[in-house]
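J.: return a 3D structure for these sequence lines:
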Amino acid sequence: MTLPATPRVISGHLVSLASPRLASTLGRSGLRRRLAAIAHHHRQAGHPWETRQPAISATLRGILALTAGPPVRPQP
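T.: Residues are numbered from 1 along each chain as shown. Below you'll find the model as predicted:
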């Protein structure tokens, strides 16, 4: 991904990471960590970063609404 990435590109990246078609999909915390890493790299490179980009927030909310809640732990 080249910097600065547009909110549309970042949203598409998050959707691709959460795609159920992929064998290694990320969960809620994994998606948030990836977004935090993208924000960190933008700030380190001196690019402006708004933490509440509307396109990214809406995409993340949509992904999290479609995914199931936390995994149920098996009983010992």
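J.: by contact count, what packs against the lengthiest helix in the chain?
T.: In the chain, taking DSSP state H as the definition, the longest helix is helix 28-44. Secondary-structure packing of helix 28-44 (3 or more C-beta pairs under 8 Å, 6 or more residues apart in numbering; DSSP states H and E): helix 7-17, helix 54-66. C-beta: built from backbone N, CA, C; applies to glycine.
J.: winner for burial among the ones you listed?
T.: helix 7-17 (a mean of 16; mean count of other C-beta atoms under 10 Å).
J.: helices and strands around that helix, which ones?
T.: helix 28-44, helix 54-66.
J.: got these as a markdown table, with mean pLDDT and distance to Val15 columns?
T.: Converted to a markdown table, the helices and strands packed on helix 7-17 look like this (pLDDT from 0 to 100; distance: least, C-beta to C-beta, whole Å):
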| stretch | mean pLDDT | distance to Val15 |
| --- | --- | --- |
| helix 28-44 | 90 | 10 |
| helix 54-66 | 88 | 6 |
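J.: tabulate those helices (JSON lines), appending distance to Thr2.
T.: Conversion of these to JSON lines gives the following (distance: least, C-beta to C-beta, whole Å):
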{"stretch": "helix 28-44", "distance to Thr2": "11"}
{"stretch": "helix 54-66", "distance to Thr2": "17"}
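J.: so which of those helices is nearest Ser19?
T.: helix 54-66 (9.6 Å; C-beta to C-beta).
J.: can you list contacts of the closest one?
T.: Contacting residues not belonging to helix 54-66 are listed as Pro7, Arg8, Ile10, Ser11, Leu14, Val15, Ala18, Arg28, Leu31, Arg32, Leu35 [C-beta atoms under 8 Å, 6 or more residues apart in numbering].
J.: among the residues you listed, which two are most distant?
T.: Among these, Arg8 and Arg28 lie farthest apart (C-beta to C-beta), at 21.9 Å.
J.: next one: Leu60 from Leu17, what distance?
T.: 11 Å (C-beta to C-beta, to the nearest Å).
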